[in-house]
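S.K.: what would the 3D arrangement of this be:
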Amino acid sequence: MTRTSRALTASWPDAWLLDGCRTPFVDYAGALAQVSPIDLAIKAAREALARAAVAPDDIGTVVVGNMAQASFDAYMTPRHVGLYAGVPIEVPAHMVQRVCGTGIEAIMQAADAVTHRDAGAALVVGTESMSRNPIAAYTLRTGFRMGQAEFKDFLWEALLDPSCGCTMGDTAENLARRYGITRAEVDAFAARSFARALAAQADGFLPGEIAPLASETFSREGFADRAIRLPRGIEVISADSHVRPSPPETLARIKPAFGGVQTGGNSSAVVDGAASGIVCSGAYARDTSRTPLARIVAGAAVGCPPEIMGIGPVPAIQAVLAATGLRLADIDRVEINEAFGAQVMACARALELDEDRLNVNGGAIAIGHPLGATGVRLSLTVARELRRRGLRRGIASACIGGGQGIALLVENAA
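M.R.: Okay, here's the model as predicted:
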């Protein structure tokens with residue numbers, strides 16, 4: 001296990017999450033397959049500003065998280081999100097990439113900006129189109145010999161970490177063996193994720209964080225229009241498409257994907273989507289009479305062995321607790337990204353975490369994992385759950401391909 005003393009930690013005495021939202025998360029090659037992640041991000045950004053009742057003119061910086069370059073204008077992603085969300089031309093924007101921890105890292109950088117760089121309020125967005133990951137070639141710029149042109153599926157190839165010779169699925173299998181986790185246990189965990197997400201849909205919790213999508217044009221005077229165009233016959237998308245009844249006996253019939261306990265049914269769903277939030281300083285909240293959703297207390301990022309990258313949330317959560325003098329018993333709700341069922345189960349076992357406090361509204365196995373958006377979704381979800389239940393503290397955390405973990409501690413502002 002990585003020593004938490006090497007973790008990169010930060011704390012913020014007066015940084016706040018005002019509000020946020022996300023798009024529906026839609027299955028790979030589905031209704032959002034042709035939509036740029038930039039346009040998904042613009043929609044999420046506009047809705048977050050509206051829900052937080054923050055004027056675009058009040059935004060002092062734009063922080064956008066994204067992994068795959070899923071359109072030819074990808075270099076302009078953060079800038080276009082800010083421009084088409086209506087923030088002033090002079091406001092800067094930048095991109096964040098920490099693989100599956102990208103969204104949490106974006107929130108942490110926004111907290112830094114409102115604390116140390118006089119941003120006042122920051123627009124944070126995480127966005128990803130898994131469907132638009134390219135078919136790529138990296139060695140053809142200088143030409144190729146006959147029969148040697150090689151194009152590969154970026155999305156598939158990116159799942160391999162060549163440092164340890166493991167795919168991301170292999171790292172979950174390594175944890176399953178290390179912690180004695182069986183296929184039946186992983187399927188049972190996945191079935192519970194689906195069941196909890198279905199319940200959260202039915203009671204209105206998940207719909208409460210979703211901004212429905214329709215075909216829409218985003219205009220700004222002096223600039224070319226951008227747009228979301230849904231497929232013919234689809235008027236509105238208002239719910240996550242992967243959430244469905246999935247009992248253990250159904251999941252048990254799915255073939256292993258990596259020769260062990262993990263399958264397509266008990267691993268995170270591959271989806272497209274975006275999530276957003278408004279982070280502000282305490283001074284901004286007070287001066288504008290805003291009531292924040294949560295205080296952003298502390299965060300940490302730390303490395304772990306690449307071959308068990310999925311254990312990363314453990315040292316990251318331990319680092320946050322050490323930095324704040326808290327115990328895990330002081331944390332009312334924990335969101336750990338469900339990259340793989342065995343991976344999040346291993347984290348829970350290593351932490352000795354009561355699973356009744358873990359991912360209580362379902363996780364990425366049911367809802368999906370659009371890489372750059374997930375961390376924003378986790379942070380928003382745990383903050384909303386604290387508010388709904390009248391609880392005090394929550395942690396959002398994720399493992400990170402290549403061998404890292406990240407965690408963020410928030411407190412109910414009510």
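
S.K.: ok, V344 - contacts?
M.R.: With contact set as Cβ atoms under 8 Å, 6 or more residues apart in numbering, V344 has these partners: 189, 310, 313, 336-338, 358-359, 363. The way it works is simple: take the backbone N, C-alpha and C, and place the C-beta from them, glycine included.

S.K.: possible to save those residues as JSON lines with neighbour count, pLDDT and secondary structure?
M.R.: As requested, these are arranged in JSON lines below (neighbours: other Cβ atoms under 10 Å; pLDDT from 0 to 100; DSSP: H, G, I helix; E, B strand; the rest coil):
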{"residue": "F189", "neighbour count": "24", "pLDDT": "98", "secondary structure": "helix"}
{"residue": "G310", "neighbour count": "33", "pLDDT": "98", "secondary structure": "helix"}
{"residue": "P313", "neighbour count": "34", "pLDDT": "98", "secondary structure": "helix"}
{"residue": "I336", "neighbour count": "30", "pLDDT": "98", "secondary structure": "strand"}
{"residue": "N337", "neighbour count": "32", "pLDDT": "98", "secondary structure": "coil"}
{"residue": "E338", "neighbour count": "29", "pLDDT": "98", "secondary structure": "coil"}
{"residue": "L358", "neighbour count": "21", "pLDDT": "98", "secondary structure": "strand"}
{"residue": "N359", "neighbour count": "28", "pLDDT": "98", "secondary structure": "coil"}
{"residue": "G363", "neighbour count": "30", "pLDDT": "98", "secondary structure": "coil"}
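
S.K.: make CSV out of those residues and add distance to I107.
M.R.: Converted to CSV, these look like this (distance: Cβ to Cβ, whole Å):
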residue, distance to I107
F189, 27
G310, 21
P313, 16
I336, 16
N337, 14
E338, 19
L358, 20
N359, 19
G363, 18
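
S.K.: mind listing what the residue nearest to V302 when sequence neighbours are not counted touches?
M.R.: Nearest residue to V302, sequence neighbours excluded (Cβ to Cβ, 6 or more residues apart in numbering): A7, at 3.8 Å. With contact set as Cβ under 8 Å, 6+ apart, A7 has these partners: 300-302, 315-316, 319.

S.K.: of the contacts of V344, which is the nearest to S397?
M.R.: Among those, P313 lies closest to S397 (Cβ to Cβ), at 4.0 Å.

S.K.: these two touch, right, A191 and P248?
M.R.: Yes: in this structure, A191 is within contact of P248 by Cβ atoms under 8 Å, at 4.6 Å.

S.K.: which SS state does V81 fall under?
M.R.: helix (DSSP: H, G, I helix; E, B strand; the rest coil).

S.K.: circling back: out of the contacts of V344, which is nearest to V54?
M.R.: Set against V54, the nearest of the contacts of V344 by Cβ to Cβ is N337 (27.3 Å).

S.K.: quick check: that closest one vs A184, distance?
M.R.: For N337, the distance to A184 (Cβ to Cβ, to the nearest Å) stands at 23 Å.

S.K.: ok so, going back, which of A191 and P248 has more neighbours?
M.R.: Comparing A191 with P248 by other Cβ atoms under 10 Å, the one with more neighbours is A191, at 23 against 17.

S.K.: coming back round to it: give me the pLDDT value at the residue nearest to V302.
M.R.: If you check A7, the pLDDT there is 96.
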